[in-house]
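*Asks:* Provided below are the primary sequence and the corresponding predicted coordinates.
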Amino acid sequence: MNNQHKLNAAQEGGIQAPETVARTGNNSRVSGPCGHKAFRVLSAAGIKIFNTDAPTVAATIERTRAGRLTEAKAAGVEGHWA
């Protein structure tokens with residue numbers, strides 16, 4: 001996904017990616033910390049959010065399969081304008 005158009009976007013620019021994820025029918029998201037707007041959009045869509053600090057995709061998959069990821073209950077980072 002090209003983020004170039006978000007450089008000049010108002011505060012709502014940060015919810016476009018999570019809205020796209022929500023439309024795909026996914027039921028979970030694994031990534032680093034999730035901002036409060038993305039967390040709100042994903043949670044409202046019923047998507048579980050799992051954060052990881054794994055250094056690679058392979059390590060993330062390993063941790064996921066081993067059940068070592070914890071579901072996030074709140075946003076992990078503040079927004080850029082908070």
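*Replies:* Cool, the structure landed. Numbering: from 1, shown residues only.
*Asks:* In the chain, what residue spans correspond to helices?
*Replies:* 16-23, 36-44, 57-65 (DSSP state H).
*Asks:* Deepest-packed of those helices, please.
*Replies:* Greatest average neighbour count among the helices of the chain goes to helix 36-44 (a mean of 18), per mean count of other C-beta atoms under 10 Å. In short, each C-beta sits where N, CA and C put it, glycine included.
*Asks:* Which strands and helices lie in contact with that helix?
*Replies:* helix 16-23, strand 48-51 (3 or more C-beta pairs under 8 Å, 6 or more residues apart in numbering; DSSP states H and E).
*Asks:* re the thing from before, can you tell me which of the helices of the chain comes nearest to residue 76?
*Replies:* Residue 76 sits nearest to helix 36-44 of all the helices of the chain, at 7.8 Å, using C-beta to C-beta.
*Asks:* Just the C-alpha atoms of the closest one, please, in PDB.
*Replies:* What follows is helix 36-44 as a C-alpha-only set of coordinates in PDB (Å, rounded to 0.1, in the frame of the first residue of the first chain):
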ATOM      1  CA  HIS A  36      -5.300   4.500  19.200                       C
ATOM      2  CA  LYS A  37      -7.300   5.200  15.900                       C
ATOM      3  CA  ALA A  38      -6.200   2.000  14.300                       C
ATOM      4  CA  PHE A  39      -7.000   0.100  17.500                       C
ATOM      5  CA  ARG A  40     -10.500   1.600  17.600                       C
ATOM      6  CA  VAL A  41     -11.200   0.800  13.900                       C
ATOM      7  CA  LEU A  42      -9.900  -2.800  14.200                       C
ATOM      8  CA  SER A  43     -11.600  -3.500  17.500                       C
ATOM      9  CA  ALA A  44     -15.000  -2.100  16.200                       C
END
